[in-house]
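Peer 1: Structure here, sequence nowhere to be found:
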DNA sequence: AGTTTTATCGAACGTTCGTTCGAGAAAGAT
DNA sequence: ATCTTTCTCGAACGAACGTTCGATAAAACT
């Protein structure tokens, strides 16, 4: 019953290692096509041993999604306190989403692509966070619209705009290669530009403050250092 | 060996009925979570009987995807001959994609969501059509950009713009309800507006010719009439 | 040292899966 | 009416699946 720091940390780090590996395989072959034997093989943990760290395959998916959503939300809410300017806040939001996506492609792909692979309570909990996140984005868009005179604003439906933005951002798991030549900064700048002022339309670079592009340091959702093998 | 019209038609119509049902179930529960027994139950065709109409479960998915892509491409190429104005062509392209999507939600969801569920030759063939489609869209965007002076154009990366547009359009299966209050016209207008002139930015309604909204007649990919049950 | 807690695993269980086979019914042709 | 082709299906097969159990090893604690 006495949980010393070392034991607690050991268990947690190995669970995290399993989750990280599982996320990678889920992203590669899809949740339903991945077997517990796949995860066993890749982690080096025996098939039965996995069930010491989770109650079911479902729970692995849940832990990945819940953790992932928690981190994005957490970081977003921290960032949004930085400024009160609606356009700048929206740019922060896009930057937060895309840089986190790029730094955690596997987990975010699992989050986007396996949204309906859970059922029951677990599905409810993840869906709750998704709705919460959606509301934050919708609110941010509404703020931008309201900060404008009717003349400087496009007559775009708020719901469509919200999901269009999500579509632009979440679709990247279908084509973007984080290792490739195109950096996260390019992604953020282009998508923020596209969404705000469109493919044609007038410039808004001053407002978006793209003259000195921000640093986009990778933000990994897992705490532990990379562990190639967990053989003790 | 003598294939009379009636026999040929009978076989084809039943295969189509199976494909249509399979597409619906694939869309509902995902390809890998759908069993041949599910399809058997919903179609009323016995488990073994299904294999008279297809060689494998893979082939069912392939036939749906191949058929679906074929139809969109076919219709798009027909429509694109209507005009030479780049902006109008792009609007046509968006309208074509979204109205087809809305009229064939199940099939298009299967196309978007199960893009990597096939392997080997079948995957190659569908991927080929996808690349072809992507090229057409990319070309259309390039034409729009080239028709503009540098001043009237946003400095947006062509690859990012292409996939951002696909993201906006394909993401709708995650939220849009074709039976709901929001019509396809709303979808097309808003997304075309958003993509071309952005959430802020200047108007482009004249160019997009939104004053008299076009008719968006449902275009169903299957030829046959609706068949509730195939009991003969 | 001994005792308790934590961690690991081989072997197996029951289920479900995609697919096959051969017999037979239905439909069409002559 | 007879023969041929087209179509259907119950029953079964082998493989793979998620999960469990009891034994055992490793680690931590006293």
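Peer 2: The structure has been received and is ready for your questions. Note that the coordinates shown come from a computational prediction; the quantities given were computed from them, not determined experimentally.

Peer 1: And for the closest residue to residue A:75 other than its chain neighbours, the neighbour number?
Peer 2: Nearest residue to residue A:75 in three dimensions, chain neighbours excluded: residue A:96, at 6.0 Å (Cβ to Cβ, 6 or more residues apart in numbering or on different chains). Backbone N, C-alpha and C define where each C-beta goes, glycine included. As a burial measure, residue A:96 scores 21 neighbours (other Cβ atoms under 10 Å in any protein chain shown).

Peer 1: now the biggest helix by length in chain A, how far from the centre of its chain.
Peer 2: The residue-count maximum for a helix in chain A (DSSP state H) belongs to helix A:120-146. Its chain's C-alpha centre and that of helix A:120-146 lie 13 Å apart, by Cα atoms, centre = their mean, to the nearest Å.

Peer 1: before we move on, what about stretch A:155-171?
Peer 2: That offset, for stretch A:155-171, works out to 17 Å (Cα atoms, centre = their mean).

Peer 1: Show me chain A divided up by domain.
Peer 2: Following automatic domain parsing, one finds the domains of chain A at A:1-54, A:58-208.

Peer 1: So for residue B:32, which of the ones you listed sits nearest?
Peer 2: Residue B:32 lies closest to domain A:1-54 among the domains of chain A, at 3.6 Å (Cβ to Cβ).

Peer 1: where are the low-confidence patches of chain A?
Peer 2: Counting by pLDDT under 70, chain A has low-confidence residues at A:1-8, A:150-151, A:201-218, A:221-232.

Peer 1: all helices of it, in order?
Peer 2: With DSSP H as the criterion, chain A has helices spanning A:5-29, A:36-43, A:47-50, A:57-79, A:86-103, A:105-113, A:120-146, A:158-170, A:184-197, A:205-208.

Peer 1: Run through who's touching the fourth one.
Peer 2: By that I understand helix A:57-79. Contact with helix A:57-79 is made by A:15, A:18-19, A:22-23, A:26, A:31, A:36, A:39, A:54, A:92-93, A:96-97, A:100, A:104, A:107-108, A:110-111, A:114, A:117-119, A:122, A:125-126, A:129-130, A:132-133, A:136, A:219, A:221, as judged by Cβ atoms under 8 Å, 6 or more residues apart in numbering or on different chains.

Peer 1: from chain A, which residue is nearest to DNA strand C?
Peer 2: Chain A approaches DNA strand C most closely through residue A:48 (2.6 Å), counting by Cβ to the nearest atom of the strand.

Peer 1: quick one: that residue from residue B:114, how far?
Peer 2: Distance from residue A:48 to residue B:114, counting by Cβ to Cβ, to the nearest Å: 32 Å.

Peer 1: And for residue A:173?
Peer 2: Counting by Cβ to Cβ - residue A:173 and residue B:114 are separated by 15 Å.

Peer 1: now swap in residue A:88 and tell me
Peer 2: Distance, residue A:88 to residue B:114, using Cβ to Cβ: 39 Å.

Peer 1: Residue A:93 is in contact with residue A:86, correct?
Peer 2: No: judged on Cβ atoms under 8 Å, residue A:86 makes no contact with residue A:93 at a distance of 10.5 Å.

Peer 1: So for those two, which residue has more residues nearby?
Peer 2: Legend: neighbour count by other Cβ under 10 Å for residue A:86 and residue A:93, higher for residue A:93 (21 against 17).

Peer 1: ok, now which ones touch the more buried one?
Peer 2: A:76, A:79-80, A:136-137, A:140.

Peer 1: Next, the contact list for the residue nearest to residue A:75, please.
Peer 2: Residue A:96 touches A:72, A:75-76, A:79, counting by Cβ under 8 Å, 6+ apart.

Peer 1: of all those residues, which comes closest to chain B?
Peer 2: Chain B lies nearest to residue A:72 out of the contacts of residue A:96, by Cβ to the nearest Cβ, at 17.0 Å.

Peer 1: Count the neighbours of the closest residue to residue A:152 other than its chain neighbours for me.
Peer 2: Distance criterion Cβ to Cβ, 6+ apart; nearest residue to residue A:152, sequence neighbours excluded, is residue B:200 at 6.3 Å. Neighbour count of residue B:200, defined by other Cβ under 10 Å: 22.

Peer 1: can I assume residue B:200 is in contact with residue A:194?
Peer 2: No: using Cβ under 8 Å, residue B:200 is not in contact with residue A:194; the gap is 11.6 Å.

Peer 1: between the longest helix of chain A and helix A:105-113, how big is the angle?
Peer 2: Relative orientation of helix A:120-146 and helix A:105-113, computed by axes from the mean of the first three to the mean of the last three Cα atoms, to 10 degrees: 90 degrees.

Peer 1: check whether helix A:120-146 contacts DNA strand D.
Peer 2: No: for helix A:120-146, no contact with DNA strand D is found by Cβ under 7 Å from any atom of the strand; the gap never falls below 11.6 Å.
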